[in-house]
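>>> next comes the sequence, and after it the predicted model I'd like to discuss.
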Amino acid sequence: MINFLLLILIYTGLYALLALGQNIITGFTGLLSLCAAGFFAIGSYTTAILTVNYGWSFWFTIPLAGVLAALAGALIGLPTLRLKGDYLAIATLGFGEIIRNVILNWDSLTRGPMGINGIPMPTIFGMVINPYRKWGYLTLVWIFVIVFYFLLKRLTRSRMGRALEAIKEDEIAAYSMGINTTKYKVWAFMVGAFVAGCAGSLQAGFTLSVTPNTYTFMVSVMVLCMVVLGGMGNHLAVILGALIIQLAAEFPRLLGLSSTVPPQFKQIVFGLILVIMMIYRPQGIVGRKKVNYDKFVGNETRRVAKKSEVN
Amino acid sequence: MGSISEVFQHLLNGLTLGGIYALIALGYTMVYGILKFINFAHGEILMVGAYVGMFAFDFLRGDMPYGPLMLVVFFIAMIIAMIISAVLGMAIEKIAYKPLRKATRLAPLLSAIGVSFILSNLAAYIWGTKSRKFDYPFDNTAYNIGGVAITPHQILILVVSMILMIGLKLYIDKTRMGKAMRATSLDQDVAALMGIDVNKVISLTFAIGSGLAATAGILVALDFKVYPTMGAMAGLKAFVAAVVGGIGNITGAMVGGILLGLLETFGVAVLGIPQGLKDTIAFGILIIILLVKPEGLLGKAEREKV
């Protein structure tokens, strides 16, 4: 039982990373991307191929996985950044499918549908982090979640973060204020993909084998669900979203009801979550704390206004 | 490249595939033309249509032998499937999309993804994940015409899709209701001011699109069986077809569908693209089209106004 709970928490961590990445793209910049699974897959396969075939250390593959996923993010971002919401969604969906198709068919590198087995367990200072004894890995994954949480929080408070939000609110207005919308949209994709790539790498180190069937469209939708449910544009909220979705998905097994609850149940729940949230609470459970610009700008303008009144 | 008859064979295969894509693409394009959003659940409506058609056909025919009567039964089953799918399409619009008409662009899209998940998994729950055979309503032995093999199924696809497409084109271009649809897609508010019942037009759009999807579903199912996820890939590729032709443009959807069918067939047969990467062709084309001519082959470029 405790083992199963730990397993859920590890997966929650992995998905929280994916959701944090998706949140940059969808939550902050307002671009509906549907290829989280693709970036995730690139991360996993990078780690799998480099550790198994080339004997790399697990730790070095993590940043490389992130970078490769980010490059893929740029690759999808560059041609599609001219597209608006719906087109972009489909293009990214297609891109995710292309990634999975390439993995499935590139036998010499990815061993096709067989997948890659025998990824060595990660070690640190001579100690093996054994994924079967879950505590170590749980700590590892959540350290990553916390680090990325703070990094992304800094990022979204920066000039770039404000630019992304401006693009989300009104792209034309942002453009006319001198924001290089193209550049920032590609950056958003790259950052989001980087985080997802790292998550993929961690996943490969945990399951010790990768198969293309793990990275279906379903994963992308689940990640999207987490972001929507938690609250777009709020880092903490999407982590909460990841936890809720994971619990919702696994609760039949948690309660020992897996024999009575049909396997389709959880997908139906995801679908319902998306529809109901959109109709009744599009801002998510937590919603987003908006910076109160009025606090900075408002007083100033009021003072100026008063002054001019006096004159 | 092989002999001339081989080229004709690929042409025929491409055309039949394209005819089906075109039927599905019409649903996407009509909804997009009016509501400006992608009905992600369209592929799932196709799947439900195929199931309904299969059940109706199996129920009605009993152990009837092949013959003209069986074809009649088949078309009755097809019409039943079209009606039920049309009702389903309208119901989905009322429940999941209508409350979101004034919301942000992202909202109906996410809601549609949700609906598509609900439908495909409900189908898997109710009817099981196993694929079921949809029997041909005729003896499907190929005729050989000058070295080109053509099956009765291919003839059926060509005839049915032609009739439906021409019928739709006439309906949109010549009737009062078609005019109302065109007006609504140009400007919803002004159309409403002119006395057009916009809600009715939207419902009708969903009904027609879903009916066409059901037909396409049945035509696909004859060759590839019926299963809960059958709509996903067919829907996606048909969407690509709609974008290639110019989304929102009815003729564009037909052209795009047929073009995509031909490109896929010739891509595999002539360029030697492996069968496993066939789906990649469609998405590759999509990304190229979006790059070079985002408004599609027949679409009009739209300037975004502030």
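Right, received. Where do you want to start?
>>> the stretch 1-150 of chain B against chain A: which residues are in contact?
By the rule CB under 8 Å from any CB of the partner chain, the part of the stretch 1-150 of chain B lying against chain A is B:32, B:36-38, B:95-96, B:99-100, B:103-111, B:113-122, B:124-125. (C-beta placed from N, C-alpha, C; glycine too.)
>>> make a ChimeraX selection of whichever of these turn out to be buried.
Selection of buried members from the residues of the stretch 1-150 of chain B next to chain A for ChimeraX, criterion 16 or more other CB atoms under 10 Å in any protein chain shown:
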select /B:32,36,37,38,96,99,100,106,107,108,109,110,111,113,114,115,116,117,118,119,120,121,122,124,125
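>>> give me the element A:Leu7 is part of.
Using DSSP states H and E, A:Leu7 falls within helix A:2-22.
>>> what helices or strands is that helix leaning on?
If you count contacts as 3 or more CB pairs under 8 Å, 6 or more residues apart in numbering or on different chains; DSSP states H and E, helix A:2-22 packs onto helix A:36-54, helix A:134-157, helix A:181-207, helix A:217-230, helix A:235-254.
>>> which helix or strand contains the residue of the stretch 101-250 of chain B found nearest chain A?
At 2.9 Å from chain A, B:Gly114 is the closest residue in the stretch 101-250 of chain B, using CB to the nearest CB. Secondary structure assignment for B:Gly114, by DSSP H and E: helix B:106-127.
>>> and after that helix, which helix or strand comes next?
Beyond helix B:106-127 on the C-terminal side, the first helix or strand identified by DSSP H and E is strand B:143-145.
>>> what's that following strand packed up against?
Short answer (3+ CB pairs under 8 Å, 6+ apart): strand B:143-145 packs on no helix or strand.
>>> buried stuff in it?
Buried-residue list, strand B:143-145, by 16+ other CB under 10 Å: empty.
>>> name the element the residue of the stretch 201-306 of chain B found nearest chain A belongs to?
Ranking the residues of the stretch 201-306 of chain B by distance to chain A (CB to the nearest CB) places B:Phe283 first, at 3.4 Å. Assigned by DSSP H and E, B:Phe283 belongs to helix B:278-292.
>>> which helices and strands sit right next to that helix?
For helix B:278-292, the elements it packs on are helix A:58-80, helix A:85-105, helix B:230-245, helix B:250-269, judged by 3+ CB pairs under 8 Å, 6+ apart.
>>> quick one: mean pLDDT over that helix.
Here helix B:278-292 scores 79 as its mean pLDDT.
>>> do the same with stretch B:175-192
Average pLDDT, stretch B:175-192: 88.
>>> and that stretch, what's buried?
For stretch B:175-192, a neighbour-count test (16+ other CB under 10 Å) marks B:Gly178, B:Ala180, B:Met181, B:Arg182, B:Ala183, B:Thr184, B:Ser185, B:Gln188, B:Ala191 as buried.
>>> residues contacting the residue in the stretch 201-311 of chain A that chain B sits nearest to?
Distances between the stretch 201-311 of chain A and chain B by CB to the nearest CB are smallest at A:Leu274, namely 2.9 Å. A:Leu274 makes contact with A:Leu224, A:Cys225, A:Val228, B:Leu110, B:Ser111, B:Ile113, B:Gly114, B:Phe117, according to CB atoms under 8 Å, 6 or more residues apart in numbering or on different chains.
>>> pLDDT-wise, which helix or strand of the chain ranks last?
I'll assume chain A. Ranking every helix and strand in chain A by mean pLDDT, DSSP states H and E puts helix A:293 at the bottom, with a mean of 58.
>>> um, chain B though
Lowest on mean pLDDT, DSSP H and E among the helices and strands of chain B sits helix B:278-292, with a mean of 79.
>>> for that helix, buried residues please.
Neighbour counts over helix B:278-292 (16+ other CB under 10 Å) mark B:Asp279, B:Thr280, B:Ile281, B:Ala282, B:Phe283, B:Gly284, B:Ile285, B:Leu286, B:Ile287, B:Ile289, B:Leu290 as buried.
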